[in-house]
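Peer 1: got a predicted structure plus its sequence, pasted below:
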Amino acid sequence: MRLTILGGGGFRVPLVYRALLDDHAEGRVTHVTLHDLDAGRLAAIARVLKEQAADVPDAPEVTVTTDLETALTKADFVFSAVRVRGLEGRATDERVALDEGVLGQETVGAGGISYGLRTIPVMTRVARRVAELAPEAWVINFTNPAGMVTEAMAAHLGDRVIGICDSPVGLGRRVAGALGVDPSEARLDYAGLNHLGWLRGLHVGGRDQLPRLFEDERALASFEEGRLFGTDWLRSLGAIPNEYLHYYYFNRETVGAARTAAKTRGAFLLDQQRGFYDRLAADLDGSAFAAWDRTRLEREETYMAENREAVDAGERDSCDLQSGGYEQVALSLMRAIARDERTTLILNVRNRGVLGVLDADAIVEVPCHVDANGPRPLATDPLTGHAAGLVCAVKAVERDVIAAAAGGSRTLAVRALATHPLVDSVNVARRLFEGYQQRIPDLAYLR
């Protein structure tokens, strides 16, 4: 089986390859093609992968290319992890927003809208090329903003594009751990959009265990979301929010922490990863993999540091410093489709009426049954109250971003910014748009 990774020079590619190295079953991935526009980054990641594979006799063969047609031809699966304009773009997304006093996170609020506006045109072209060159391939999308990008690509690939995220997996693992439950035996009742969802139940043996968690103060405060959101707020919600909802529930505190930080998250990662790639290019580290792993650990330790600082949530637990888990989601998804190894995964797929507040084609993040025919969203309880309202509001923003990208519409881009729940003024939205367009050349097409 052949896997193509778009954004193959990206820092997290070794996580995907590590998952592949652990798979020795029949029908596994035997060839990986890394595609990237930056030949230097490709060479660096290829070195890391070569060291990873050194003691694995049946390791998947790795080739690299900067040509998209070569990368896509004969692919069975296409894993997309593209970052348009790189971390420089992310740092700009954050800084322009923070200068206006609003959140600039890469997938949430103004920063996510800017990121989507420059990414969707690129990924739409990629979707068309996949349809032409590898029409039977399945596309696993991790390109952010994942829900928005998956919906734009689905217009050309239909159900053969599937969005993945590691946040629901990590959330379920942490809640199961707090309850003393084996995560593999738990069924998660989770619903929402990418980076905007809630764990509403964790069922073991037909019984929901969340009520037991809410009654146990020590257990509820023992994991990251309990510390981030506070136990009283979690009980008020009657659900455990995805960690990214911290930007909504504690917006003022998070923006304040980000504005006083020495560097934004994007600027930190830009400097960190630039140093990593430069050291490998100059061959200053004896082991490429060791250098990568040190950098990875530092990255994980500082993940959402501003959010934790804003509410005095302390340091991350050691169990959250390994890897996000998205590579295991991707591997499980490929196995289920290629080998008909039926499983249930939380994925970004077409709604198909599962969440009644949204139309059938809206990309939602819900549990899905997956087999050789692909994913099928499972029936779930409806979203209600503020969760339903927030999901509908953010989906309307996503739709405006997609339409703005398709038609080159400045008007729709500004409307998307102005109507996002985390942007508090039409005039701020207009200034945000002007700031992004002035500093990001990719947005010149919006008129």
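Peer 2: That came through fine. Numbers count the residues shown, from 1 in each chain.
Peer 1: buried ones in the helix or strand hosting A152?
Peer 2: Using DSSP states H and E, A152 sits within helix 146-157. Applying a neighbour-count criterion of 16 or more other CB atoms under 10 Å, the buried positions in helix 146-157 are 146-154, 156-157. (Glycine included, C-beta is placed from N, CA and C.)
Peer 1: one more: stretch 235-253?
Peer 2: Neighbour-count burial for stretch 235-253 flags 237, 239-248, 250-251, 253 (criterion: 16+ other CB under 10 Å).
Peer 1: what residues are up against the most centrally placed residue in the chain?
Peer 2: For the chain, the residue nearest the mean C-alpha position is C165 (4.5 Å; CA atoms, centre = their mean). C165 makes contact with 142, 146, 194-195, 326, 329, 346, 348, 365, according to CB atoms under 8 Å, 6 or more residues apart in numbering.
Peer 1: contacting residues for the nearest residue to T264 once chain neighbours are set aside?
Peer 2: Using CB to CB, 6 or more residues apart in numbering and skipping residues adjacent in sequence, the residue nearest T264 is E94, 4.0 Å away. Contacts here follow CB under 8 Å, 6+ apart; on that basis E94 touches 104-106, 111, 258, 264-267.
Peer 1: starting at the chain centroid, how far to the helix or strand that E94 is a member of?
Peer 2: If you go by DSSP H and E, E94 is part of helix 86-99. Distance, stretch centre to chain centre, for helix 86-99: 18 Å (CA atoms, centre = their mean, to the nearest Å).
Peer 1: could you give the angle of the helix or strand following that helix to helix 146-157?
Peer 2: Toward the C-terminal end, the helix or strand that comes next after helix 86-99 (DSSP H and E) is helix 109-133. Put simply, helix 109-133 runs at 30 degrees to helix 146-157, going by axes from the mean of the first three to the mean of the last three CA atoms, to 10 degrees.
Peer 1: give me the angle between helix 109-133 and helix 86-99.
Peer 2: Helix 109-133 and helix 86-99 are oriented at 150 degrees to each other (the same axes, to 10 degrees).
Peer 1: give the pairing partners of the following helix or strand past helix 109-133; include direction for each.
Peer 2: For helix 109-133, the succeeding helix or strand toward the C-terminus, using DSSP H and E, is strand 138-141. Strand 138-141 pairs in its sheet with strand 77-80 (parallel), strand 161-163 (parallel), by DSSP bridges.
Peer 1: can you say which of the ones you listed is packed in most?
Peer 2: strand 161-163 (a mean of 27; mean count of other CB atoms under 10 Å).
Peer 1: and that strand, average pLDDT?
Peer 2: The pLDDT scores in strand 161-163 average 98.
Peer 1: repeat that for stretch 21-28.
Peer 2: Mean per-residue pLDDT for stretch 21-28: 92.
Peer 1: what comes up buried for it?
Peer 2: Across stretch 21-28, burial judged by 16+ other CB under 10 Å covers 21, 28.
Peer 1: what about it, start to end distance?
Peer 2: In stretch 21-28, first residue to last residue: 10 Å (CA to CA, to the nearest Å).
Peer 1: neighbouring contacts of that stretch?
Peer 2: 1, 20, 29, 52-53, 56, 58-60, 331, 335, 338-339.
Peer 1: wait, is V370 part of a helix?
Peer 2: No. Per DSSP: H, G, I helix; E, B strand; the rest coil, V370 lies outside any helix segment and is strand.
Peer 1: quick check: domain ranges of this structure?
Peer 2: Here the domain parsing of the chain from automatic domain parsing is 2-87+106-163, 168-250+313-320, 252-310.
Peer 1: among the ones you listed, which is the most enclosed?
Peer 2: Greatest average neighbour count among those goes to domain 2-87+106-163 (a mean of 20), per mean count of other CB under 10 Å.
Peer 1: what ranges do the strands span in the stretch 201-350 of the chain?
Peer 2: Listed in chain order, the strands of the stretch 201-350 of the chain (DSSP state E, counting those that start in this stretch) span 207-208, 240-241, 343-350.
Peer 1: out of those strands, nearest to L98?
Peer 2: Ranking these by proximity to L98 (CB to CB) places strand 240-241 first, at 23.1 Å.
Peer 1: just the buried positions in the helix or strand hosting A387, please.
Peer 2: Following DSSP H and E, one finds A387 within helix 385-407. For helix 385-407, the neighbour count (16+ other CB under 10 Å) marks 387-388, 390-391, 394-395, 397-405 as buried.
Peer 1: list the residues that contact S80.
Peer 2: Applying CB under 8 Å, 6+ apart to S80 gives the contacts 6-7, 123, 126, 139-143, 149.
Peer 1: run through the residues that contact R274.
Peer 2: With CB under 8 Å, 6+ apart, R274 has no contacts at all.
Peer 1: whoops, A191 was the one
Peer 2: Contacts of A191 (CB under 8 Å, 6+ apart): 197-198, 200, 354-355, 364-366, 380-381, 383.
Peer 1: ok, V394 next?
Peer 2: 193, 196, 420-421.
Peer 1: ok, now with 10 Å
Peer 2: V394 sits next to 108-109, 112, 147-148, 192-196, 248, 419-422 when contact means CB atoms under 10 Å, 6 or more residues apart in numbering.
Peer 1: and if you look at V16?
Peer 2: With CB under 10 Å, 6+ apart, V16 has these contacts: 3, 5, 8, 10, 29, 32, 49, 79, 81, 140, 142, 323, 326-328, 330-331.
Peer 1: please report phi then psi for G192.
Peer 2: In terms of degrees, to the nearest 10, the main-chain angles of G192 are phi 150, psi -150.
Peer 1: in the stretch 1-150 of the chain, where is pLDDT below threshold?
Peer 2: Of all residues in the stretch 1-150 of the chain, none has pLDDT under 70.
Peer 1: need the pLDDT of G206.
Peer 2: pLDDT for G206: 91.
Peer 1: distance of it from V366?
Peer 2: 20 Å (CB to CB, to the nearest Å).
Peer 1: now do the contacts for the closest residue to T73 other than its chain neighbours.
Peer 2: Excluding its sequence neighbours, the residue lying closest to T73 (CB to CB, 6+ apart) is L133, at 5.4 Å. L133 is in contact with 68-75, 78, counting by CB under 10 Å, 6+ apart.
Peer 1: make it 7 Å
Peer 2: If a contact means CB atoms under 7 Å, 6 or more residues apart in numbering, then L133 has 69, 72-73 as its contacts.
Peer 1: ok, M148 next?
Peer 2: With CB under 7 Å, 6+ apart, M148 has these contacts: 116, 398, 401-402.
Peer 1: between the residues you listed, which is closest to P211?
Peer 2: E398 (33.0 Å).
Peer 1: just the pLDDT for the closest one.
Peer 2: E398 is given a pLDDT of 98.
Peer 1: now it. Nearest residue, chain neighbours left out?
Peer 2: Here the residue nearest E398, using CB to CB, 6+ apart, is M148, at 4.7 Å.
Peer 1: A81 too?
Peer 2: Sequence neighbours aside, G7 is the residue nearest to A81 in space, at 4.0 Å (criterion: CB to CB, 6+ apart).
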